[in-house]
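[1] The sequence and its predicted three-dimensional model are supplied below.
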Amino acid sequence: MSVLPPGATIGIIGSGQLGRMIGMAAAQLGYRIHVYAPETGPANDVAFTHSRGAYDDIDALRAFARQVDVVTYEFENIAAAPIAALGDKVRPSARSLEIAQDRVREKRFVEALGGTPARWAEVADRAALDAAIASVGCPAVLKTTRFGYDGKGQARLMAAGDADAAWDAIGGGPAVLEAFVDFSAEFSVVLARGSDGAVAMYPPPANVHKDGILDTSSVPAPAIEPWRAQAEALAAKVAEALDHVGVLTLEFFCGPDGAVFNEMAPRVHNSGHWTIEGAETSQFENHVRAVLGLPLGGVGLTAAHAEMTNLIGDDVAAWPALMAESGAHLHLYGKREARPGRKMGHVTRIER
Ligand SMILES: Nc1ncnc2c1ncn2[C@@H]1O[C@H](COP(=O)(O)OP(=O)(O)OP(=O)(O)O)[C@@H](O)[C@H]1O
Ligand SMILES: [Mg+2]
């Protein structure tokens, strides 16, 4: 792939905060972004221009793709076929999207490469849930196969008697049932892979979730160290097998018998936001570099410690105090309304 020089335009499918932060990194290097989404969002504030269209409108997507030099996406809950129709201009390719957006496919893909998810079973319909409970056991988590995020589309089962309630809570199948992992910690491997196959992996952050939503990510994370090498080896294999170009994130649990694969995202990730101030090159800049065919930047820590905390819903009201706090870097996404569970911004605290 040839290198796209400064001045080129990156098309981004999706208008959320991830697109916004990709756009800010692109602007620093002299590139522009063109956002494609059905509605305007945080990314539009920093975009050169935008197109409005549905995520499955092939004609509108093609018209958008003609106006940009490369197309990337900032979330994975979109149909893969229309993205595949855009061909080589899309990075990461539609294949990364197809695998990562489907819990059954991603688990099989990772298992074929030697990775270990929690014990799981496919749940096509309500009857299959009873069979799945018999094979997986309880406690367990029922998750919709597609379109889940921030803990949405998930329900816990403490016992077989919870089956009906869990099935109703996720709005029916298709789904997967996963054994509940008794983990000591959670972490993620955030890596960037260039178009030449070079891979750069950030030091993995320890992630703490609250109500199914990421709360904090911190590095360095000594508690996850014994699980790190195994997870990084798997992440490298996954990136290679997908021929992934761009940032790729794999989430893991620290399980009693090793690193347990949770899920992957074919994109920049909330658990990588600390890299803006805490790493030599942010995940957003490295994503931009990768999709443009440029060499990747260094991923070493620039701080003794970095911790990112999400500002969810009303948390954002603390912005004046956060702005005044020494060593705290405040990021607000420009969302007008602070609804419960909505990611409004984040703050990264750096210790030099
Ligand atoms: N099998 C499991 N065992 C124990 N905890 C789990 C399990 N599955 C999910 N969780 C908990 O719920 C969190 C969210 O789950 P998961 O990553 O599957 O959801 P998601 O909605 O895709 O989240 P996101 O897209 O925000 O990462 C996990 O990070 C973990 O804390
Ligand atoms: Mg997750």
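    Perfect, thanks for sending it. Ligands and ions are numbered 1, 2, ... in the order given.

[2] Show me what counts as buried in stretch 174-182.
    Neighbour-count burial for stretch 174-182, counted by 16 or more other C-beta atoms under 10 Å, picks out A175, V176, L177, E178, A179, F180, V181. Placement of C-beta: from N, CA and C, glycine included.

[3] List the contacts of the fifth one.
    Yep, that's A179 we're talking about. Applying C-beta atoms under 8 Å, 6 or more residues apart in numbering, we find A179 in contact with A118, R119, W120, V136, G137, P139, A140.

[4] Which ones among these lie within helices?
    Members of the contacts of A179 lying in helices (criterion: DSSP state H): V136.

[5] ok, which pair from the contacts of A179 is furthest apart?
    Spatially, the most separated pair among these is W120 and P139, at 13.5 Å (C-beta to C-beta).

[6] more crowded one of those two?
    Neighbours were counted for W120 and for P139 using other C-beta atoms under 10 Å; W120 has more, 20 against 14.

[7] give the contact list for that one.
    W120 neighbours (C-beta under 8 Å, 6+ apart): K107, V136, V176, L177, E178, A179.

[8] is it possible to export the residues you listed to TSV including distance to E307?
    Below are the contacts of W120 laid out as TSV (distance: C-beta to C-beta, whole Å):
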residue	distance to E307
K107	30
V136	34
V176	32
L177	34
E178	28
A179	30
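
[9] between those residues, which is closest to ligand 1?
    E178 (4.0 Å; C-beta to the nearest ligand atom).

[10] if I've got this straight, the closest one is in a strand?
    Yes. Under DSSP: H, G, I helix; E, B strand; the rest coil, E178 sits within a strand.

[11] Before we move on, what's the pLDDT of it?
    Model confidence at E178, given as pLDDT, is 98.

[12] Write down the beta-bridge partners of it, one by one.
    W120, V141 (DSSP bridges).

[13] and the protein, which residues reach ligand 1?
    118, 141, 143, 148-152, 178, 180-181, 186, 209, 212, 214, 251, 262-263 (C-beta under 6 Å from any ligand atom).

[14] So which of these sit within helices?
    Using DSSP H to define helices, no part of the residues of the chain next to ligand 1 is located there.

[15] Please list only the buried members of the residues you listed.
    Using 16+ other C-beta under 10 Å as the burial test, those include 118, 141, 143, 148, 150, 178, 180-181, 186, 214, 251, 262-263 as buried.

[16] P204 against A221, yeah?
    Yes. The criterion here is C-beta atoms under 8 Å, and P204 meets it with A221 at 6.4 Å.

[17] Looking at the two, which is more packed in?
    P204 (25 against 20).

[18] Might you report the residue contacts of that one?
    F187, S188, V189, V190, V219, A221, I224, R228, A231, E232.

[19] Please identify which helix or strand holds it.
    Assessed by DSSP states H and E, P204 sits outside every helix and strand.

[20] Quickly note the distance from it to ligand 1.
    As judged by C-beta to the nearest ligand atom, to the nearest Å, P204 and ligand 1 stand 14 Å apart.

[21] per-residue confidence at that residue?
    So, for P204, pLDDT stands at 98.

[22] What about A37, how many residues nearby?
    Other residues close to A37 by other C-beta under 10 Å number 23.

[23] What residues does it make contact with?
    A37 makes contact with I13, G14, S15, A43, H50, R52, G53, Y55 under the criterion C-beta under 8 Å, 6+ apart.

[24] Just give the number of residues close to the nearest residue to Y149 once chain neighbours are set aside.
    In this structure, Y149 finds its nearest non-sequential neighbour in N77, 6.7 Å apart by C-beta to C-beta, 6 or more residues apart in numbering. As a burial measure, N77 scores 13 neighbours (other C-beta under 10 Å).

[25] ok now do N77, which residues does it touch?
    N77 neighbours (C-beta under 8 Å, 6+ apart): Q101, R146, F147, Y149.

[26] Let me know the helix or strand that the second one is in.
    Translated: R146. Per DSSP H and E, there is no helix or strand for R146.
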